[in-house]
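Undergrad: I would like to see how this sequence folds:
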Amino acid sequence: MEKEPRFPSISHALLINGMKRMEGNLGNSGKSTSFNEMLEKIRLDTIRVFNEMKHFESDITVDMLREKLTTTSVDRKKKLLEVCDIYNSNTKKLVGIEMNKDTWARYSAYRNRIGDFISKQFKVDDVYFVHLKYSFIVEYEFYLKTRLNYIKILW
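TA: The predicted structure follows:
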């Protein structure tokens with residue numbers, strides 16, 4: 001019994017059987033060209049996602065890569081600096097009501113420090129919460145102590 005081919009998503013499921021071999025024109029038809037372009041896009045997306053995952057995951061499995069490629073749930077997940085910005089914009093409105101200006105300035109400084117750490121350590125603009133591990137906290141603490149000479153970390 002022959003297995004059905006697996007596709008990254010339903011939208012990529014083309015009728016492969018509809019592409020017939022033509023003597024001398026193999027790969028030159030419109031269907032072949034569009035199919036090859038789609039395959040190249042899938043290949044490049046796979047490489048990009050794999051490289052992104054490599055920064056955050058110690059072990060990457062085929063299942064993890066497939067899930068990342070086939071789901072759009074990443075769009076709904078929050079990033080660390082995005083949440084910091086939302087929190088800071090809300091707390092700025094509380095200055096003079098529940099919070100003093102110095103406290104808000106420390107929140108803002110914390111956001112900038114963690115943003116610098118992420119860009120220097122991971123070479124990205126922001127990270128998803130789902131990618132954060134305990135090692136992130138340890139590395140950030142080390143960064144604060146060594147690069148910024150903080151001896152006491154206030155959490």
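Undergrad: packing partners for the helix or strand hosting Asn90?
TA: With secondary structure defined by DSSP states H and E, Asn90 is part of helix 80-92. If you count contacts as 3 or more Cβ pairs under 8 Å, 6 or more residues apart in numbering; DSSP states H and E, helix 80-92 packs onto helix 101-122. In this view, the C-beta of every residue, glycine as well, is placed from N, C-alpha and C.
Undergrad: could you give the angle of the helix it packs on to helix 80-92?
TA: 170 degrees (axes from the mean of the first three to the mean of the last three Cα atoms, to 10 degrees).
Undergrad: Send me the helix or strand following helix 101-122 as CSV with only the CA atoms.
TA: Following helix 101-122 in sequence order, the next helix or strand is helix 134-146 (DSSP H and E). Extracted in CSV, the C-alpha atoms of helix 134-146 (Å, rounded to 0.1, in the frame of the first residue of the first chain):
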residue,chain,number,x,y,z
TYR,A,134,16.1,29.2,32.9
SER,A,135,19.5,29.6,31.1
PHE,A,136,18.2,33.0,29.8
ILE,A,137,17.8,34.3,33.3
VAL,A,138,21.2,33.0,34.3
GLU,A,139,22.9,34.6,31.2
TYR,A,140,21.0,37.9,31.8
GLU,A,141,22.2,37.9,35.5
PHE,A,142,25.7,37.3,34.4
TYR,A,143,25.4,40.1,31.8
LEU,A,144,24.2,42.5,34.4
LYS,A,145,27.0,41.6,36.8
THR,A,146,29.9,41.6,34.3
